[in-house]
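Asker: Give me coordinates for this.
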Amino acid sequence: MTTRTTRSSPPPTVVYWMPLYLPIGLFAALGAVLAYLWKYPCRFGGVWNGGIGQYTHFCYTDIYPLFWVEKLVDGKIPYIDYPVEYPVGIGGLMEFARRLAGGDGLRFYDVTVFLMGVSLIAGAMLVAALAGQGRRWDALWYAVSPAVILCAYINWDLAAGALALGGLLAWSKRRPYLAGALLALAVATKFYPLMFFGALFLLTVRTARWVPFLKTVAAAVVTWLAVNVPIMMANFDGWKRFYAFSSERGADWGAIWFFFSKSEWFTVPRPEWLAFLGDGESLNTMAMAALAVLLLGVAVLALAAPRRPRLMQLCFLALAAFMITNKVWSPQYVLWLVPFAVLARPRWGALAAWMVAECWYFFSIWLYLAGQVPDSGYAGIGDPAYFMSVWARAITLIVLMGFVVRDILRPEDDVIREGDVDDPSGGAFDGADDRLVLRRRIATPAAEVS
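Answerer: Next up, the predicted model:
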């Protein structure tokens, strides 16, 4: 027996929706400028160049110091002349900015920030388009939220976000080849958009809409190989540095695993029988196992829910699971999740609580790092205060995940599905029949008698 749902209205054309969503772009431009001004003490005050000022002024960025660390100042080409700890998409952005910087680290930062600002504007408009005309203002959570402004220019994450959102918008427009190409470029820039292929796969299994999914995967594979194989052939060791670094690193800042790896938890000594939590190799295995368990839970939910979940709900849950179980949880990772949290559940309560916790963590990590500098402990905070912010962020995100799960199990409470709407950004899944649903069969009295 199949369940047919009401199909959403066709999405408006580009010519139609551009004037509607342009105001979102203007708000995002404001957010991009505010994010640049937030870095004022570092960009114009010189505190990047020494001491703990970049921490106490809360304006740290990876972009400026990596101009020297990655040998870009010496004219080195990423991967070819020097191994880089990032995927090739970021290496390409580094090389582009290096060529325009002319050996000037501040100019390198400014060029990179301009690219990230454009990515924020594009990303916010893409969120508005994915949300649909009736809910386009939900994109302001991404365009001008304090969490986004604080973290916008720490790294190159906004570029991956714009590519991933573009790919998912292409999917919603039923353009699978373009969706696959853009999602592959996103994965080649930051690894996390790989989680979205899992969400697409689960809904494909439930609906049996295999052709669009297979086209998307084929385009993604071809695109990913096209941008990676040339670098692999030119210098394989330089290319593989990102993958080796990701597997070798231990528990790091922000991760729950970092808390467990410490010998003391909130001044309480770690029990001897949990000493293995401080071992990097064991943590790597545990992190992958924990992620596998959470993703299995998402899969069961997707296939057993009374009504097929929306694509954005599964994207959010898969990405949140990836972040919670990751060995590092940098403050800028909030940029990954905000668009999908908004698209999954645009209700302000739990969403605002999580973003407040993210802002709390933003300030805590820099004060914690300031406290780690020798002879500067007076300027920072210690383990108890820092780990309170770590757990606050994790708990509020878990609560938000719980609300999304509840909306999936009780679709009548899903604000997006009001008015007989099915899945506005679901593309081929919008209005599709259920072909595979994991449900426990309950025998009827008549069946039991027979």
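Asker: Show the average pLDDT along stretch 332-339.
Answerer: If you average the pLDDT over stretch 332-339, you get 97.
Asker: Stretch 32-43: which residues count as buried?
Answerer: Of the residues in stretch 32-43, those buried by neighbour count under the rule 16 or more other CB atoms under 10 Å are 32, 35, 36, 38, 39, 41, 42, 43. Just so you know, the C-beta spots here come from the backbone N, C-alpha and C atoms, and that holds for glycine as well.
Asker: now for these, which pair is the farthest apart?
Answerer: Using CB to CB, these span at most 18.3 Å, a distance reached by 32 and 41.
Asker: three-state assignment of the residue most central in space within the chain?
Answerer: The central residue of the chain, meaning the one whose C-alpha is nearest the mean C-alpha position (CA atoms, centre = their mean), is residue 336 at 2.2 Å. For residue 336, the reduced secondary structure class is helix; criterion used: DSSP: H, G, I helix; E, B strand; the rest coil.
Asker: Contact partners for it?
Answerer: When the contact criterion is CB atoms under 8 Å, 6 or more residues apart in numbering, the partners of residue 336 are 157, 160, 161, 190, 192, 319, 323.
Asker: For residue 85, state which of the residues you listed is nearest.
Answerer: Set against residue 85, the nearest of the contacts of residue 336 by CB to CB is residue 190 (12.4 Å).
Asker: pretty sure residue 421 is in a helix, no?
Answerer: No - membership of residue 421 in a helix is not supported by three-state DSSP, which gives coil.
Asker: What about it? Give its phi and psi, please.
Answerer: Dihedral pair for residue 421: phi -80, psi 140, per degrees, to the nearest 10.
Asker: circling back: among the contacts of residue 336, which one has the most neighbours?
Answerer: Neighbours were tallied for each of the contacts of residue 336 (criterion: other CB atoms under 10 Å), and the maximum of 31 neighbours falls on residue 161.
Asker: about what we covered before: turn the buried residues of stretch 32-43 into a markdown table, including pLDDT.
Answerer: Shown next, in a markdown table, are these (pLDDT from 0 to 100):
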| residue | pLDDT |
| --- | --- |
| 32 | 98 |
| 35 | 97 |
| 36 | 97 |
| 38 | 96 |
| 39 | 94 |
| 41 | 91 |
| 42 | 92 |
| 43 | 92 |
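Asker: Now that we have the residues you listed, can you turn them into TSV and tack on secondary structure and distance to residue 285?
Answerer: Output for the buried residues of stretch 32-43, formatted as TSV (DSSP: H, G, I helix; E, B strand; the rest coil; distance: CB to CB, whole Å):
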residue	secondary structure	distance to residue 285
32	helix	40
35	helix	37
36	helix	41
38	helix	39
39	coil	38
41	helix	42
42	helix	38
43	helix	41
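Asker: Pick out whichever of those sits closest to residue 93.
Answerer: For the buried residues of stretch 32-43, the closest approach to residue 93 (CB to CB) belongs to residue 32, at 16.1 Å.
Asker: Settle this for me: the closest one is touching residue 148, isn't it.
Answerer: No - taking contact to mean CB atoms under 8 Å, the distance of 9.6 Å between residue 32 and residue 148 leaves them out of contact.
Asker: Roughly how far does the nearest residue to residue 249 once chain neighbours are set aside sit from residue 364?
Answerer: Leaving out its chain neighbours, the residue that sits closest to residue 249 by CB to CB, 6 or more residues apart in numbering is residue 327, at 6.2 Å. In this structure, residue 327 lies at 19 Å from residue 364, with CB to CB, to the nearest Å as the measure.
Asker: low pLDDT regions in the stretch 301-450 of the chain?
Answerer: Residues of the stretch 301-450 of the chain that meet the criterion pLDDT under 70 lie in 377, 440-450.
Asker: Tell me, how many residues neighbour the residue nearest to residue 32 when sequence neighbours are not counted?
Answerer: Take residue 32 and drop its neighbours on the chain: the residue closest to it by CB to CB, 6+ apart is residue 117, 3.5 Å away. In terms of burial, residue 117 registers 20 neighbours under the definition other CB under 10 Å.
Asker: cool, the one 3 residues further on as well?
Answerer: Residues near residue 120, counting by other CB under 10 Å, number 28.
Asker: Could you pull up phi and psi at it?
Answerer: Residue torsions, per degrees, to the nearest 10, at residue 120 are phi -60, psi -40.
Asker: who touches it in this structure?
Answerer: Taking CB under 8 Å, 6+ apart as the definition, contacts of residue 120 comprise 28, 31, 32, 35, 142, 143, 148, 152, 158, 162.
Asker: Likewise for residue 36?
Answerer: So residue 36 contacts 43, 113, 117, 153 (CB under 8 Å, 6+ apart).
Asker: returning to what we had before: so the residue nearest to the centre of the chain versus residue 423, what's the distance?
Answerer: With distances defined as CB to CB, the gap from residue 336 to residue 423 amounts to 22 Å.
Asker: go on, residue 148?
Answerer: Distance check for residue 148 against residue 423: by CB to CB, it reads 26 Å.
Asker: higher neighbour count, the two?
Answerer: It is residue 148, of residue 148 and residue 423, that has more neighbours when counted by other CB under 10 Å, with 28 against 24.
Asker: In this structure the more buried one contacts residue 30, no?
Answerer: No - when contacts are counted by CB under 8 Å, residue 148 is not listed as touching residue 30 (11.5 Å).
Asker: what about the residue nearest to residue 249, neighbour count?
Answerer: Each residue near residue 327 was counted by other CB under 10 Å, and the total is 22.
Asker: Make 590 the starting number, not 1.
Answerer: Noted, 590 is the first residue going forward, which turns the last one into residue 916.
Asker: Could you tell me which residues make contact with it?
Answerer: By CB under 8 Å, 6+ apart, the contact list for residue 916 reads 838, 839, 840, 841, 844, 846, 872, 873, 876.
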